[in-house]
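Enquirer: how would this look folded up:
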Amino acid sequence: MGEIRVRVRLTNAVDEALARRGQLKPEQVRWSELDALVDTGTVRSVVPPQVAQDLGLQLRGQRVAEYADGRKEPVGVTEPLVIECLHRDTLEEALVLGDEVLIGQTVLEKLDLLADCANGRLVPNPAHPNQPVSKVK
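Expert: You can find the predicted model right below:
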């Protein structure tokens, strides 16, 4: 089974909100388009420190990250950012660590996207191909 990489747009959600309110010029909204690794073994999404800095994301606290080898350590968690992927978007906080953007399970669930491991791609849920659908009870 190979890696799944996808192009994403990350936007500082605070900047975006200020621009919507007319308190920031639209061209001042910080964003970046880059390749991300889809990691179905990761619950939360991850951004490297440099990406968080480039987007102007402030840390709002810490969370404990558990690595695949069992190590645990506290890491920073960002204020909200907008993650856009395959014409779908959602708000998310991200853990700050590592050297690449990881898209975790929470974003996949919120965007209603599925990992097609056999073909190495990310796809919209076939039951909802035109827009994400959130399950509620």
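
Enquirer: which residues of this protein score low on pLDDT?
Expert: Along the chain, segments meeting pLDDT under 70 span 1-2.

Enquirer: Do you have the strands of it handy? List them.
Expert: 4-12, 31-38, 46-47, 59-66, 72-78, 81-85, 88-92, 95-96, 102-103, 113-116, 121-124 (DSSP state E).

Enquirer: Ok, which of these comes nearest L24?
Expert: strand 4-12 (9.9 Å; C-beta to C-beta). In short, each C-beta sits where N, CA and C put it, glycine included.

Enquirer: Pull out the buried positions in the closest one.
Expert: I4, R5, V6, V8, L10, T11, N12 (16 or more other C-beta atoms under 10 Å).

Enquirer: tell me the contacts of S32?
Expert: R9, L10, V51, D54, L55 (C-beta atoms under 8 Å, 6 or more residues apart in numbering).

Enquirer: so which of those comes closest to A19?
Expert: L55 (14.1 Å).

Enquirer: Now do the closest one against T78, distance only.
Expert: Separation of L55 from T78 (C-beta to C-beta, to the nearest Å): 8 Å.

Enquirer: Need the overlap of contacts for the two.
Expert: In contact with both L55 and T78: V47, using C-beta under 8 Å, 6+ apart.

Enquirer: circling back to that earlier point, got the buried residues of strand 4-12 as TSV, with distance to A127 columns?
Expert: Formatted as TSV, the buried residues of strand 4-12 follow (distance: C-beta to C-beta, whole Å):
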residue	distance to A127
I4	20
R5	24
V6	20
V8	23
L10	27
T11	28
N12	32
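
Enquirer: Pick the one among those closest to A65.
Expert: Using C-beta to C-beta, these come closest to A65 at L10, 19.0 Å.

Enquirer: on that earlier part again, can you tell me which of the strands of the chain is most buried?
Expert: Sort these by mean neighbour count, taking mean count of other C-beta atoms under 10 Å, and strand 46-47 sits at the top with a mean of 26.
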